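Engineer: fold the following for me, if possible:
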Amino acid sequence: MRGLTVLATGPLATFQDLGRPGYAHLGVPRSGAADRGALTQANRLVGNRASAVTVETTMGGWAARATGFVVITVTGPPTDVTIDDRRVGSHAVHGVRPGQTIAVAPPRHGCRNYVAVRGGFAAPRMLGSSSTDTLSEIGPPPLRIGDELVVDAAADDWPPITFAPGPPPSPRRHELDVRPGPRLADLADPTALGRLRWIVNPASNRIGVRLDPDGEHTLALRPGLDPQPSEGVPLGAVQVPPSGQPVLFLADHPVTGGYPVAAVLTAASLDRAAQLVAGDVVRLRLR
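Structural biologist: The predicted structure follows:
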């Protein structure tokens with residue numbers, strides 16, 4: 001049986017694919033990779049279908065031993081990848097022989113990397129996906145030391161290249177593009193959404209990125225605003241609670257909420273938001 005035995009998980013390691021869209025009316029989030037671009041890049045590099053199951057690591061610290069020959073790559077923010085303590089590149093394809101150990105270090109910037117093997121990982125499926133949903137607890141549980149990860153058969157033809165340039169170094173100051181949301185007018189000053197700067201709160205996770213004000217000013221809701229009934233919220237929603245401190249909804253976000261959705265992240269900015277870490281400075285650019 002070809003696969004990997006997990007030796008270390010880091011803070012959090014989960015199975016992720018492209019999620020389970022189409023079930024929001026049942027109260028089931030899409031889930032899936034927080035950084036969808038990094039997942040699909042990993043699968044392309046090893047010749048998998050775009051939806052093949054990968055391992056999403058958080059802040060590195062993940063390691064596994066090969067139980068058969070596997071072809072593997074690691075994408076996401078640049079990081080050190082080692083095979084038997086020998087440094088190899090991320091964003092490139094490597095063969096790992098039986099008994100060898102592959103490890104993923106914490107990225108220098110960002111927080112989530114994607115480990116793909118040619119063929120994908122075989123993992124239990126629920127509602128058409130093997131993604132671990134940390135909010136609803138749907139899908140496989142987070143990986144644990146000793147778990148046996150089996151290689152599946154999700155490979156297609158080999159791509160023309162087996163390496164790709166990694167993303168440029170991530171700044172500590174980020175500008176994320178957003179589109180006006182259905183409740184932008186609920187802000188006392190809608191233009192403030194694009195003027196203020198924010199600092200990423202350590203309580204952020206796969207559900208959402210919490211933002212603290214970078215200074216004395218924060219967002220304010222319009223005076224006299226009637227209580228809002230719960231309504232559907234999309235992936236990438238910028239929700240503004242009464243505190244005026246926005247939350248950027250990521251892959252495991254709830255499907256309904258009772259606070260105004262002032263804006264929605266663009267697809268490219270959603271992937272970048274998934275790589276934010278505590279202390280990063282963020283500005284939202286209203287498009």
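
Engineer: show me what the lowest-mean-pLDDT helix or strand in the chain is packed up against.
Structural biologist: One helix or strand of the chain scores below all others by mean pLDDT, DSSP states H and E: strand 231-232, with a mean of 88. Helices and strands touching strand 231-232, by 3 or more Cβ pairs under 8 Å, 6 or more residues apart in numbering; DSSP states H and E, are strand 256-257. Where you see a C-beta, it was placed from the backbone N, CA and C, and this is true even at glycine.

Engineer: adjacent strands (with direction) for the strand it packs on?
Structural biologist: When pairing is defined by DSSP bridges, strand 256-257 lines up against strand 231-232 (antiparallel).

Engineer: so after the partner strand, what's the next helix or strand?
Structural biologist: Going down the chain from strand 231-232, the next helix or strand is strand 237-239, by DSSP states H and E.

Engineer: chain center to that next one, what's the gap?
Structural biologist: Centre-to-centre, strand 237-239 and its host chain are 16 Å apart (Cα atoms, centre = their mean, to the nearest Å).

Engineer: need the contact partners of that strand.
Structural biologist: Identification of contacts with strand 237-239 by Cβ atoms under 8 Å, 6 or more residues apart in numbering yields 178, 181, 193, 208, 233, 246-249, 253, 257, 259-265, 284.

Engineer: out of these, list just those in helices.
Structural biologist: residue 193 (DSSP state H).

Engineer: quick one: buried ones out of the contacts of strand 237-239?
Structural biologist: Buried members of these, scored by 16 or more other Cβ atoms under 10 Å, are 178, 181, 193, 208, 233, 246-249, 253, 257, 259-265, 284.

Engineer: which ones among these map onto strands?
Structural biologist: Secondary structure from DSSP state E places 178, 208, 247, 248, 249, 257, 261, 262, 263, 264, 265, 284 of the buried ones among the contacts of strand 237-239 in strands.

Engineer: identify the farthest-apart pair in those residues.
Structural biologist: With Cβ to Cβ as the measure, no two of those lie farther apart than 257 and 284, at 18.0 Å.

Engineer: in a markdown table: the ones in strands among the buried ones among the contacts of strand 237-239, plus distance to residue 3 and pLDDT.
Structural biologist: A markdown table is the format used below for these (distance: Cβ to Cβ, whole Å; pLDDT from 0 to 100):
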| residue | distance to residue 3 | pLDDT |
| --- | --- | --- |
| 178 | 41 | 97 |
| 208 | 33 | 97 |
| 247 | 37 | 97 |
| 248 | 35 | 98 |
| 249 | 34 | 98 |
| 257 | 39 | 90 |
| 261 | 42 | 96 |
| 262 | 45 | 96 |
| 263 | 43 | 97 |
| 264 | 39 | 98 |
| 265 | 36 | 98 |
| 284 | 42 | 96 |
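
Engineer: quick one: residue 287 and residue 193, what's the gap?
Structural biologist: Here the criterion is Cβ to Cβ, to the nearest Å. By it, residue 287 lies 11 Å from residue 193.

Engineer: low-confidence ranges in the stretch 151-287 of the chain?
Structural biologist: Along the stretch 151-287 of the chain, the model assigns pLDDT under 70 to residues 168-170.
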